[in-house]
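K.L.:
build me a model from this:
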Amino acid sequence: MRLAVFQPDIAANLGAMVRLCACLDVPMDVIEPCGFAFSVKALRRAAMDYGELADVTRWDDWNAFEAARSGRLVLLTTSGAVSHELSVYRPDDVLLVGRESAGAPPEVHQAADLRVRIDMAPGARSLNVGMAAAIVLAEARRQLKV
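P.N.:
Here you go, the predicted structure:
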């Protein structure tokens, strides 16, 4: 299983997800361009000392990521067709979160094999992408007994 981040806008959110992936030993894909200067130095600053423990692959753009991707693409989206708790996860899934400011564009939605949502209280719009990634990743790992 992998966690992929589509064009992140906020360095601190990316840092939190890098730390999440490092602590859970989950490889991560960062699909650029980012909304901030993304460098090894910036990664170390945002992820603290966890940046060196994480397995992070950087992709120049969506097309490069898609050309190399294997496994089922599971998009975390507020417009998901099925609740993350009712979804059945696979070991080769790539869990993908969109941009903090705009989510994922239509071509990403179309490429997704599964679109899942996290059910929220009435009137709530969305969770922080790092929080959403942690919730769905935890459920997937629970199901797979990882």
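
K.L.:
and after the helix or strand bottoming out on mean pLDDT in the chain, which helix or strand comes next?
P.N.:
Every helix and strand in the chain was compared by mean pLDDT, DSSP states H and E; the lowest is helix 40-47, with a mean of 65. Reading on from helix 40-47 to the C-terminus, the next helix or strand found by DSSP states H and E is strand 56-59.

K.L.:
pairing partners for that following strand, with directions?
P.N.:
Looking at strand 56-59 with DSSP bridges, its partner strands are strand 28-31 (parallel).

K.L.:
now the strand it pairs with - C-alpha only, CSV.
P.N.:
Only the C-alpha atoms of strand 28-31 are listed here, as CSV (Å, rounded to 0.1, in the frame of the first residue of the first chain):
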residue,chain,number,x,y,z
MET,A,28,4.7,7.9,-0.3
ASP,A,29,4.4,9.6,-3.7
VAL,A,30,4.4,13.3,-4.0
ILE,A,31,2.9,14.5,-7.3
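
K.L.:
please compute how far that strand lies from its chain's middle.
P.N.:
Per CA atoms, centre = their mean, to the nearest Å, the displacement of strand 28-31 from the mean C-alpha position of its chain is 8 Å.

K.L.:
and for it, what's in contact with it?
P.N.:
2-8, 14, 17-18, 21, 38, 54-59, 61-62, 65, 94 (CB atoms under 8 Å, 6 or more residues apart in numbering). For every residue, glycine as well, the C-beta is placed using N, CA and C.

K.L.:
residues of that strand that come out buried?
P.N.:
Of the residues in strand 28-31, 28-31 count as buried by neighbour count, 16 or more other CB atoms under 10 Å.

K.L.:
filter the contacts of strand 28-31 down to the buried ones.
P.N.:
Of those, these count as buried by 16+ other CB under 10 Å: 2-8, 14, 17-18, 21, 38, 54, 56, 59, 62, 65, 94.

K.L.:
so which of the residues you listed are in strands?
P.N.:
Assigned to strands by DSSP state E, the following of the buried ones among the contacts of strand 28-31 qualify: 2-6, 56, 59, 94.

K.L.:
mind putting those into JSON lines with pLDDT and distance to Leu75?
P.N.:
Formatted as JSON lines, these follow (pLDDT from 0 to 100; distance: CB to CB, whole Å):
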{"residue": "Arg2", "pLDDT": "98", "distance to Leu75": "13"}
{"residue": "Leu3", "pLDDT": "98", "distance to Leu75": "12"}
{"residue": "Ala4", "pLDDT": "98", "distance to Leu75": "9"}
{"residue": "Val5", "pLDDT": "98", "distance to Leu75": "12"}
{"residue": "Phe6", "pLDDT": "98", "distance to Leu75": "9"}
{"residue": "Val56", "pLDDT": "92", "distance to Leu75": "20"}
{"residue": "Trp59", "pLDDT": "97", "distance to Leu75": "16"}
{"residue": "Val94", "pLDDT": "98", "distance to Leu75": "9"}
